[in-house]
Structures are given as C-alpha cells and as structure tokens.
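Asks: Predicted model, plus sequence, below.
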Amino acid sequence: MEPRSFAQTTKADNTNHRPKQNTQERRDDIERVLNELAQSEPSIFFSPTEIAARSGSAFNKVRDSDSLRRAVQRVLEALEKTAQAERGETGYRIAQSAITENVSDPAK
C-alpha cells in the first residue's frame, strides 16, 4: 500500500479555545481607571482588586473569575514597564509624568 492511499486526517474543531484578547482595549481601560482615580486622589496607590472592580467592558469575558485578577495584573505590569503607571507598597497609580502629559494634551 502506498502512503497516499490512506485517508487524510483532518484537524478536529476545538471549541474549547481561548477567545482572542484585545490587549490594547484592556490597556486603555485600565489607563482610564487609573486616570479617574488620580483625579480624585492622585497620591494614593490602589490595589489591583480595586482597579479591577472599576474596569469596564474590556474585561467582561473574564469577570467573576480568577482570570480577571491575572488579566488586570498583566496590564498593570505592562503599564509599569512603559512608565505609564507606578507601583507602590499597596498597589498602583498613574505615573506622575502621565498626569502631566494628560494635562498638557487634554485630547487623551
């Protein structure tokens, strides 16, 4: 028998795959939350749990699960790496340089 005579196997449909994450949408949402918190209390650091509670529809797919905590933590760490957020002992806040940028460019 020739190898070509066997039926070709087809790839099974996997309905249990992770949905695509919209990373930029989530990042923008957490940045919005941090900016709103900075307007009311600019010197206070907020825990990821408090930030997640104020997050918007970008996190609806992972809300009410431990995945929300991890997703918010990933975004906060990414914002910290780009100097958009600062980390303190109790949590995160918007970076002071980001506040200055938003004041000088209100379109953000």
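Replies: Cool, got the structure.

Asks: Now for residue 88: which residues touch it?
Replies: Each residue near residue 88 by Cβ atoms under 8 Å, 6 or more residues apart in numbering is listed here: residue 45. All C-beta spots, glycine's among them, are computed from the backbone N, C-alpha and C.

Asks: rerun at 10 Å
Replies: Under the criterion of Cβ atoms under 10 Å, 6 or more residues apart in numbering, the contact list for residue 88 reads 43-46.

Asks: List the backbone torsions phi and psi for it.
Replies: phi -120, psi -170 (degrees, to the nearest 10).

Asks: again with the one 3 residues further on
Replies: Recorded main-chain torsions at residue 91 are phi 160, psi -140, according to degrees, to the nearest 10.

Asks: hang on, isn't residue 58 packed against residue 28?
Replies: Yes - under the criterion of Cβ atoms under 10 Å, residue 58 lies in contact with residue 28, with a separation of 7.5 Å.

Asks: Can you tell me the closest non-neighbouring residue to the residue nearest the centre of the chain?
Replies: When the chain is reduced to its mean C-alpha position, the nearest residue by Cα atoms, centre = their mean turns out to be residue 75, at 3.6 Å. With Cβ to Cβ, 6 or more residues apart in numbering as the measure, residue 30 is the residue that lies nearest to residue 75, at 4.6 Å, once sequence neighbours are left out.

Asks: element containing the one you found?
Replies: Here residue 30, judged by DSSP states H and E, is contained in helix 23-40.
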